[in-house]
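Participant: Structure for this input, please:
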Amino acid sequence: MFRPSYALLFKPMPALNKFILHPPLPLNPRESKQLLNLLSTSFRRTLDSEHGFFRPEPQEETAAESIARPNGGAKKRRASLSDLDQRPTDRHLRTILTNPLFRGPSTSRDRPLSTRDPMEVFDEAVAKGIMNTHHAQACLMAKKMKILQSSVPNVRESMKDSGAGRKVLSWLVSSGTANKNEFFRDKEFSKIFMEYIVAEELQEVAWRWIRRAFRDYSKLPKHSEDGKQHLIAPLIYLIRAEAFGPVTLDAAYLCLSRAAGYLAGFSSTEMINIIGPPGRYLSHETTMSRFHRPPASGSAFDSFIALVPVITAINANYHFAHLKLLHPDHPSADSALTYLKMLDAWQTVHASPRYKSGTTMENRVIQLSLDAAKYLLERERLHDAQWVMQYLRTYYPKQLGVARKEQLKQAKAEAASLQLLEGLSFT
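Facilitator: Below is the predicted model:
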């Protein structure tokens, strides 16, 4: 039997040098670049073969696009960067390289904190692994304050241009925080973060959290009120963000309608618990904080009125009355008069106002009465207007005395007939 010599196994053999499998790496920059390109091309081919690669062919261009081009479509378009973005390789590497968790520390960290952009501080905290929702809220608020101090004409547009919301969202996704809705327990962070989400038109991301919350809502025990309040937080903060600033409430109304559409199969009690808080907030913004907003569209307003039965089961008559009085297209004071006369009948029997002094409902009844009186005066329904003013003088003399100058000034500015208004006394 042949047995190899152990001495030969370890003896150098020059004849084998020509069979070296791994020659030394290139030493000059040109050869290094060639090797890198070769490896990149091979990697792209392998990944493209596994996941597919789609590049639009020139002949797929429609006739309309060809006509719209000035040269009539005779010249083929060269590959652009947008074509390269379709490569799975490039998308994959870009996702890795732009992940906030892998960003290195900023070179500007030695500058005074007051002169640095808050989102630079955010990037550094993320890179160090010390970022949380409390710190993120501070960065977002500081960024918003810088925008406000810059006296920009449109705060929401400037928030959009900043990209701060998208950056924080990237951190939430990369860190796994966005996989659950627990971060909504931080109320201050949720409020300012959702403002950026709306400003940067990322609402569809918020709807994922809202739908997840609705799915989890029915799984909670009936006595878990704190848990249920936490689950409806994404919807509340989204609607508040849509209503933030001097904007029309159209988007907020449509948000509430969309949320109601996801609740098919829920009981009426569950719908009131979910839709009620944001719905009552919108009702307050519509009736009590409307003076600095553009008017809503009639269709969006109608969609909101249709949801009044699932907003509240207690004061539905008030909401109907005040909303119909303020309808942007077809206002009517009939429901308001009916509601106020019902209150007058109750208060006559009990010899006291229906609602306690200083409460939200008392303030709403007073505002409803003033709005109704203004509407009736503008349409010269003097008898009804006199009755409403007498109702206010009878049950709310002190409250009217406190707000008399402000309400009179506002009513004078908005009323169609100042003479008729000056003929009515608040005292």
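
Participant: How much space separates Gln390 from Pro397?
Facilitator: Using Cβ to Cβ, to the nearest Å, Gln390 is found at 11 Å from Pro397. Bear in mind the C-beta positions are built from the backbone N, C-alpha and C, glycine included.

Participant: Met145 too?
Facilitator: 43 Å.

Participant: got a pLDDT number for Ala63?
Facilitator: pLDDT recorded at Ala63 is 36.

Participant: make that Glu120, sorry
Facilitator: Here the pLDDT value assigned to Glu120 is 92.

Participant: element containing it?
Facilitator: helix 118-128 (DSSP states H and E).

Participant: mind listing what's buried in the regular element (helix or strand) spanning His134?
Facilitator: Using DSSP H and E, His134 maps to helix 133-149. Using 16 or more other Cβ atoms under 10 Å as the test for burial, helix 133-149 gives Thr133, Ala136, Gln137, Ala138, Cys139, Leu140, Met141, Ala142, Lys143, Lys144, Ile147.

Participant: Could you dump those residues into CSV and include pLDDT?
Facilitator: Below are these laid out as CSV (pLDDT from 0 to 100):
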residue, pLDDT
Thr133, 95
Ala136, 96
Gln137, 96
Ala138, 95
Cys139, 95
Leu140, 96
Met141, 96
Ala142, 94
Lys143, 95
Lys144, 94
Ile147, 93
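
Participant: List just the nearest of those residues to Ile274.
Facilitator: Ranking those by separation from Ile274, with Cβ to Cβ as the measure, puts Thr133 on top at 23.6 Å.

Participant: For that closest one, give its distance to Lys187.
Facilitator: Counting by Cβ to Cβ, the gap from Thr133 to Lys187 is 10 Å.

Participant: ditto for Val173
Facilitator: 21 Å.

Participant: sorry, back to before: counting by contacts, list what the helix holding Glu120 packs against.
Facilitator: helix 133-149, helix 164-174 (3 or more Cβ pairs under 8 Å, 6 or more residues apart in numbering; DSSP states H and E).

Participant: Out of these, which gets nearest to Ala127?
Facilitator: Going by Cβ to Cβ, the one of the helices and strands packed on helix 118-128 nearest Ala127 is helix 164-174, 10.5 Å.

Participant: and the angle for that closest one with helix 133-149?
Facilitator: 170 degrees (axes from the mean of the first three to the mean of the last three Cα atoms, to 10 degrees).

Participant: what's downstream of helix 164-174, the next helix or strand?
Facilitator: helix 187-199.

Participant: Any regions of the stretch 101-250 of the chain where pLDDT drops low?
Facilitator: 101-114, 221-227 (pLDDT under 70).

Participant: from what I can see Ile210 touches Ile236, true?
Facilitator: No - counting by Cβ atoms under 8 Å, Ile236 is not a contact partner of Ile210; they are 9.9 Å apart.

Participant: more neighbours, those two?
Facilitator: Ile210 (24 against 20; other Cβ atoms under 10 Å).

Participant: Quick one: residues contacting that one.
Facilitator: Contact analysis of Ile210 by Cβ atoms under 8 Å, 6 or more residues apart in numbering lists Pro234, Leu235, Leu238, Ala259, Tyr262.
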